[in-house]
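# 3D, please:
(one chain, ligands or ions: 1)
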Amino acid sequence: MRKQILSKLALVGVIALTAAGCSSGDGDGDGATPGEGGGGGDAITVGFAQTGSESGWRSANTESMKTAFSAENGFDLVFNAADNDPAAQIAAVRSFINQGVDAIVIAPIVEDGWDDVLQEAKDADIPVILEDRTVTASDDLYASWVGLDFTLEGQMAGEWAAETFTEPTTMVVLEGTTGSAPANNRADGFDAAIEGTPIEKIDSQTGDFTRDGGKSVMEGFLQKFGADGIDLVYAHNDDMALGAIEAIEAAGAEPGVDIKIVSIDAVRDGMQALVDGKINYIVECNPLLGDKAAALVKAVLAGETVDKRTIVEDQAFDQEAAKAALPDRTY
Ligand code: GYE
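Model prediction:
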């Protein structure tokens, strides 16, 4: 049985290879019709509902997914980016169901609100794989999830803060997208790690995981508390930390010195800021989930039993570690 499936998948690969070069196949358009693309009729049609393009992490994740779900690998990818709008993302998934794709992959913008559309996919016999973020819906409604341990990421950032700040410290937080799993879990993990320390959270607001958002929220904090009134910024991702750096510099203070910064992701620009001393510590969040997601889709369609959860491990970087890692950083 397994052998048969494997040879069918191999055949799909060969057909896809022959068809490769005929057309793009990754249909960056929401309007792309399955089966029309370069994958050819026998390719596995996958609808991928991406969050949007809010951050460097997201660009790396999109690239990883498009590479893994290529025509060469036997896929016909229908790609949709929802511009961080949860309703638009659900509509995209519904349109994948109506188009009759073979499988659906979702990077859910927010945790809540997925029950109905996941049930519709299940009723239509279309397996759903979640990548990156999680949902609160019952795990009976999707086949598998591959992603990161966001609570642990927050905890690692919080442990660094707890060790570094032993005197009374004022902290502001730049939160990720409200209602998203990484914003919720990174807050919880961090808060638990700093409990009982002299770090006081004086404000916390969403910057929506974007550089502009981080900058404008930080401008507000600086107006409210003054640069002297803030010792530490915890940013739920590097892009918001990079925006905060701009705001701190514009206010005449030195990021990384007058105001320390800890963030999450470890994308190139963030790692460069860490090497430059403008960010003080970064916990990694690996965006290269494409191959794992593609393997899960193939296994599920082949009727194999797959793990419900696959967690990809992250590491953390101080300045020295960032200097060593930066030259080989691929994203
Ligand atoms: O940290 C952030 C992105 O969901 C883990 O989303 C992802 C987060 C990532 O916008 O940069």
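# list, one by one, the residues from the stretch 101-250 of the chain near the ligand.
Along the stretch 101-250 of the chain, the residues adjacent to the ligand under the rule CB under 6 Å from any ligand atom are D132, R133, P182, F209, N237, D239. Heads up, the C-betas are built off the backbone N, CA and C, glycines and all.
# low-confidence stretches in this structure?
1-41 (pLDDT under 70).
# quick one, helices of it?
Ranges of helices in the chain, per DSSP state H, are 2-19, 56-68, 86-99, 115-123, 150-164, 181-194, 211-225, 238-250, 268-275, 290-301, 319-325.
# stretch 314-325: which residues count as buried?
For stretch 314-325, a neighbour-count test (16 or more other CB atoms under 10 Å) marks D314, A316, F317, Q319, A321, A322, A325 as buried.
# circling back: just give me the closest of the residues of the stretch 101-250 of the chain next to the ligand to N286.
D132 (10.1 Å; CB to CB).
# is the closest residue to Y142 other than its chain neighbours in a bridge, and if so with what?
Taking CB to CB, 6 or more residues apart in numbering, and ignoring the residues beside it in sequence, Y142 has V128 as its nearest neighbour in space, at 4.3 Å. The bridge-partner assignment for V128, based on DSSP bridges, gives I104.
# who does the residue nearest the centre of the chain form a beta bridge with?
Closest residue to the average C-alpha location of the chain: D132 at 5.0 Å, with CA atoms, centre = their mean. Per DSSP bridges, the residues bridged to D132 are G147.
# do I have it right that it meets F150?
No. D132 is not in contact with F150 according to CB atoms under 8 Å; the separation is 9.7 Å.
# tell me which residues touch V283, please.
By CB atoms under 8 Å, 6 or more residues apart in numbering, the residues touching V283 are E153, M156, A157, W160, V262, S263, I264, A266, D314, Q315, A316, F317.
# repeat for S204
Taking CB under 8 Å, 6+ apart, we find S204 in contact with V172, V173, E175, A187.
# contact partners for the closest residue to I248 other than its chain neighbours?
Spatial nearest neighbour of I248, excluding adjacent residues (CB to CB, 6+ apart): P255 at 4.3 Å. Contact partners of P255, counting by CB under 8 Å, 6+ apart, are A244, I245, I248, E249, I261, K278, I279.
# nearest to K215, of the residues you listed?
Nearest to K215 among the contacts of P255, with distances taken as CB to CB, is A244, at 6.7 Å.
# which residue ranges make up each domain of this structure?
By the assignment in automatic domain parsing, the chain contains the domains 2-148+287-313, 150-285.
# re the thing from before, which of the contacts of V283 sits closest to the ligand?
Closest approach between these and the ligand, by CB to the nearest ligand atom: I264, at 5.9 Å.
# from W57, how far off is that closest one?
Using CB to CB, to the nearest Å, I264 is found at 9 Å from W57.
# overlap in contacts, these two.
Counting by CB under 8 Å, 6+ apart, the shared contacts of I264 and W57 are N237, D238, C285.
# export those as JSON lines, with columns for neighbour count.
Formatted as JSON lines, these follow (neighbours: other CB atoms under 10 Å):
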{"residue": "N237", "neighbour count": "33"}
{"residue": "D238", "neighbour count": "30"}
{"residue": "C285", "neighbour count": "25"}
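# on that earlier part again, could you measure from the residue nearest to I248 over to the ligand?
For P255, the distance to the ligand equals 19 Å [CB to the nearest ligand atom, to the nearest Å].
# bridging across strands, which residues link to that residue?
I259.
# can you give me the buried ones in stretch 102-115?
Neighbour counts over stretch 102-115 (16+ other CB under 10 Å) mark D102, A103, I104, V105, I106, A107, P108, I109, V110, E111, G113, W114 as buried.
# quick one, phi psi at the last one?
The main-chain torsion angles of W114 are listed as degrees, to the nearest 10 and equal phi -100, psi -10.
# that one touches S138, doesn't it?
No. Taking contacts as CB under 8 Å, W114 lies outside contact range of S138: 9.6 Å.
# tell me, how many residues neighbour L152?
Using other CB atoms under 10 Å, L152 has 16 other residues around it.
# just the CA coordinates for stretch 65-85, please, in CSV.
In CSV, the C-alpha atoms belonging to stretch 65-85 read as follows (Å, rounded to 0.1, in the frame of the first residue of the first chain):
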residue,chain,number,x,y,z
MET,A,65,6.1,27.5,1.4
LYS,A,66,6.2,28.5,-2.3
THR,A,67,9.5,26.6,-2.8
ALA,A,68,8.2,23.5,-1.0
PHE,A,69,4.8,23.5,-2.8
SER,A,70,6.3,23.9,-6.2
ALA,A,71,5.3,22.3,-9.5
GLU,A,72,8.7,20.4,-9.4
ASN,A,73,7.6,18.8,-6.1
GLY,A,74,4.2,17.8,-7.6
PHE,A,75,2.0,20.6,-6.4
ASP,A,76,-0.3,23.2,-7.9
LEU,A,77,-0.3,25.9,-5.3
VAL,A,78,-3.2,28.4,-5.0
PHE,A,79,-1.7,31.1,-2.8
ASN,A,80,-3.7,33.7,-0.9
ALA,A,81,-2.4,36.4,1.5
ALA,A,82,-5.2,37.9,3.5
ASP,A,83,-3.4,41.2,4.6
ASN,A,84,-4.0,40.3,8.2
ASP,A,85,-7.8,40.4,7.9
